[in-house]
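A.B. asks: Whatever this is, show me its structure:
(chains A and B)
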There are 2 protein chains.
Amino acid sequence: MASGNQRMKKKMENPPRSMLRHVLVVSLALNVSFILRIMLYQTQQTHHKSPFSISSSSSTAARRRSLVNSTRSDRPPDKERLINLDHGDPRMYERYWRKRGEKTSITIAGWESMSYFSQGENICWFMEPELAEEVVRLHNLVGNAVTQGRHIVVGTGSSQLFLAALYALSPTHHSHQPITIVSALPYYSSYPSMTDYQKSGLYKWGGDAETYDDEKDGPYIELVTSPNNPDGYTRESVVKNKRQGLFIHDLAYYWPQYTPISYPSDHDLTLFTLSKATGHSGTRIGWALVKDSVVAKKMTKFIELNTIGVSKDSQLRAAKILEAVSDSCEEEESFFKYSYEIMAHRWRKLRAAVEGNALFTLPNFSPAFCNFFNHYTQPQPAFLWLKCEGLIEDCASFLRQHKILSRSGERFGVSPKYVRISMLDTDENFMEFIERLSSIHL
Amino acid sequence: MASGNQRMKKKMENPPRSMLRHVLVVSLALNVSFILRIMLYQTQQTHHKSPFSISSSSSTAARRRSLVNSTRSDRPPDKERLINLDHGDPRMYERYWRKRGEKTSITIAGWESMSYFSQGENICWFMEPELAEEVVRLHNLVGNAVTQGRHIVVGTGSSQLFLAALYALSPTHHSHQPITIVSALPYYSSYPSMTDYQKSGLYKWGGDAETYDDEKDGPYIELVTSPNNPDGYTRESVVKNKRQGLFIHDLAYYWPQYTPISYPSDHDLTLFTLSKATGHSGTRIGWALVKDSVVAKKMTKFIELNTIGVSKDSQLRAAKILEAVSDSCEEEESFFKYSYEIMAHRWRKLRAAVEGNALFTLPNFSPAFCNFFNHYTQPQPAFLWLKCEGLIEDCASFLRQHKILSRSGERFGVSPKYVRISMLDTDENFMEFIERLSSIHL
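C.D. replies: Have a look, this model is predicted:
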């Protein structure tokens, strides 16, 4: 964990401050820290740890078929309202899809898509051909993944595909010990629990990939999330001596609105998900690009045993949405351009709010050439990876005092001085968050 | 296994035959058995064991959005065509839903149902309120399940709920051994692999419930499938000394078209699925009725870690379909009446085809009063549990000679003299099956 924190520190921007100002901040922080500790203690009992627990107030707002535009708040902003930016519900995208109107609607008749099967001749027998076509079309258009020579496996979100991949890559011989699953710090908060909740004899969570050495520790599967959730940095595998390594590349955020598309990814097993690409997280659709047909078959078998395939209606809807995204790339306001501009605006607002505030530091990114936009772009991650400076040891609890729900760095295997905050909520919630962040001073 | 076979025999109808005829049949069977062995050996290599592997010819027919009515064959029936009745794809229902027309269509706009969340205040935070309402309405109307005082948990089909239930009911304390999962013979062929494929340290497959005794064997979870898949009989738990028993009741087939509805089921944890109730197996939706809120919470947690909820589009479609079924109950041709009549017709055809043929025996059922139809009805299961008599030891291979794909009794934990055959395929496939069955004589 220490090495992870050091790496984090190196990556974080350290804004220039005079010594005098620094000492003043530390002194003031000391004063408030005692008051805070008492306050935090009182509220900790009500702080849910589930990644998907939400307050009943925000749940009302999240209701489907509400006529309220998601980017308009359900009630006037007030200081007492809890802003839940713990999870990554991508509500920001709703406005775009409203603007597209009925063209992206899908109608399914009662007699359609009734069979378990879609295409028996495909390894992934429950995958709708339309979806496979649109996946290939979009990747080729965006240039973020090689699709030639790949088997596509559709999943009930990329979570199911992650589990299917663990199952497919684990050695199955009876004499084998469970294979170790590792990921570099800070890693996606759900990886440990997703790996271990069934107490599988096939695989087990092993923590930080950077301290893993396959020469002494044996075979492993490394999870490489790039851009990384939570911190947004581009990643490659980090395990020393990779001879026995197998890799799952989670590229949920490798889309032009979040990061420059520098090259088409070309790994053995790569995961993508509709929720982060287009914002349709209620439609549980992800897809894997898999080189080895044996692995693709085992992943398909997992999904057969787990859920007997993937809902056809969701696949057809996903195909329609991906088609609309590809079509829009030929238009003036492409989906990615629109999303890129919102993200750019939000990151500018965020940096302006935090600038000059010694309490917080943000990650700092370098621009790179994006082949999709054909110019240099800035990484602008879907999550803010915020560090509380000075004596604030528990950043999530500190923010909760200001009615901002975030996810503690501890959940990602690092220090509670860090929090992850969703950048994809509604305009109103995001602006209210910026306002509150700006007003926090010691 | 022996006890299971004996029970099976007792239940099977043994048609009266003269001794002479019996001896003749045995003698003739002996002659063909040698020829068959050679033929079977040649074909066994191509016989897939996966419950969902299908031939490419039938996969084409199963394609969605085909304009061909599912009850019309894609090509003229010929003796060389393989009829796949191994799996239980309920294609029989398509005709009904076509007749209902556009009233059962669902349209979802691109901006709808985008959030992960449905109703944060519910234990099952990803469940659409419309679906929960329609589930309750239909159960109350049919009278097949008590819904009062129950938590509803929606799943990606009842397979996911089955795994969620194993997870929720298993003891989680570190010192605990995996709990044993048992079910009476013959049990649903996927139970063993679904229980063991992840090599969970929480639960493990234990086989036949009838030979299990919790006084000497310890705590267990019993799976009670009623009407049973494969044999269609009504079931109750069978383990002796039930003090440490936990129960999962799989009532996928407890609907009026399959069996008399004698009482509203009132168990701790009951599973239902859309695919068998209405025929929408491509829409992966099941639901659990759960008494204990702690169990409902753990099942929800499982689904959160497994697939981060259940697709909203599928839930909304399922709600629409269930609504149409409930609405139809007030009309002349209710869904259940229509389905009941098709099943009755098919079972009559089947019994007529097998009558007088000493090669095959069928299960025999007693009628009972159905509270839904308000008269006595016959059980008419979704699967035929067929026994090959005489010297035919491998009934599935024998039928395969006649281009009929069935599932061997071995997959259900009993003798290969038994096979399970789907009764829910298209009219054409079913009629072709009956024709072939009628023509098989020794």
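A.B. asks: Just confirm residue A:316 is within a helix.
C.D. replies: Yes - according to DSSP: H, G, I helix; E, B strand; the rest coil, residue A:316 belongs to a helix.
A.B. asks: My guess is it contacts residue A:129. True?
C.D. replies: No - between residue A:316 and residue A:129 there is no contact under Cβ atoms under 8 Å: 10.5 Å. Heads up, the C-betas are built off the backbone N, CA and C, glycines and all.
A.B. asks: between the two, which one's more packed in?
C.D. replies: residue A:316 (24 against 15; other Cβ atoms under 10 Å in any protein chain shown).
A.B. asks: Let me see the ranges of the helices in chain A.
C.D. replies: Listed in chain order, the helices found in chain A under DSSP state H are A:2-11, A:19-44, A:56-61, A:94-100, A:129-142, A:157-169, A:191-196, A:214-217, A:274-278, A:293-307, A:312-328, A:335-354, A:395-400, A:427-439.
A.B. asks: helices or strands up against the last one?
C.D. replies: Under the contact definition 3 or more Cβ pairs under 8 Å, 6 or more residues apart in numbering or on different chains; DSSP states H and E, helix A:427-439 sits against strand A:83-84, helix A:335-354, strand A:404-405.
A.B. asks: and the first one, does that touch chain B?
C.D. replies: No - among the residues of strand A:83-84, none lie within reach of chain B under Cβ under 8 Å from any Cβ of the partner chain; the closest is 9.4 Å away.
A.B. asks: residues touching the nearest residue to residue A:396 once chain neighbours are set aside, list them.
C.D. replies: Nearest residue to residue A:396, sequence neighbours excluded (Cβ to Cβ, 6 or more residues apart in numbering or on different chains): residue A:408, at 4.0 Å. By Cβ atoms under 8 Å, 6 or more residues apart in numbering or on different chains, the contact set of residue A:408 is A:394, A:395, A:396, A:416, A:418, A:419.
A.B. asks: Among the helices and strands packed on helix A:427-439, which comes closest to residue A:149?
C.D. replies: Closest of the helices and strands packed on helix A:427-439 to residue A:149 is helix A:335-354, at 25.6 Å (criterion: Cβ to Cβ).
A.B. asks: In terms of pLDDT, where does the nearest residue to residue A:252 once chain neighbours are set aside sit?
C.D. replies: Excluding the flanking residues, the one nearest residue A:252 by Cβ to Cβ, 6+ apart is residue A:276, at 4.4 Å. We have a pLDDT of 98 for residue A:276.
A.B. asks: likewise residue A:263?
C.D. replies: Confidence score, pLDDT, at residue A:263: 97.
A.B. asks: And residue A:12, by the same measure?
C.D. replies: Looking at residue A:12, its pLDDT stands at 44.
A.B. asks: and stretch A:322-337, anywhere near chain B?
C.D. replies: Yes - using Cβ under 8 Å from any Cβ, stretch A:322-337 reaches chain B at residue A:324.
A.B. asks: Now that stretch - C-alpha only, CSV.
C.D. replies: This file holds the C-alpha atoms of stretch A:322-337, laid out as CSV (Å, rounded to 0.1, in the frame of the first residue of the first chain):
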residue,chain,number,x,y,z
LEU,A,322,-24.3,1.9,-30.8
GLU,A,323,-25.7,2.3,-34.3
ALA,A,324,-26.8,5.8,-33.4
VAL,A,325,-23.4,6.7,-32.0
SER,A,326,-21.7,5.5,-35.1
ASP,A,327,-24.2,7.3,-37.3
SER,A,328,-23.7,10.5,-35.3
CYS,A,329,-19.9,10.5,-36.0
GLU,A,330,-20.7,11.6,-39.6
GLU,A,331,-22.9,14.5,-38.3
GLU,A,332,-22.0,17.9,-37.0
GLU,A,333,-22.6,17.1,-33.3
SER,A,334,-21.3,13.6,-32.9
PHE,A,335,-21.9,11.8,-29.6
PHE,A,336,-18.3,11.8,-28.7
LYS,A,337,-17.8,15.5,-29.6
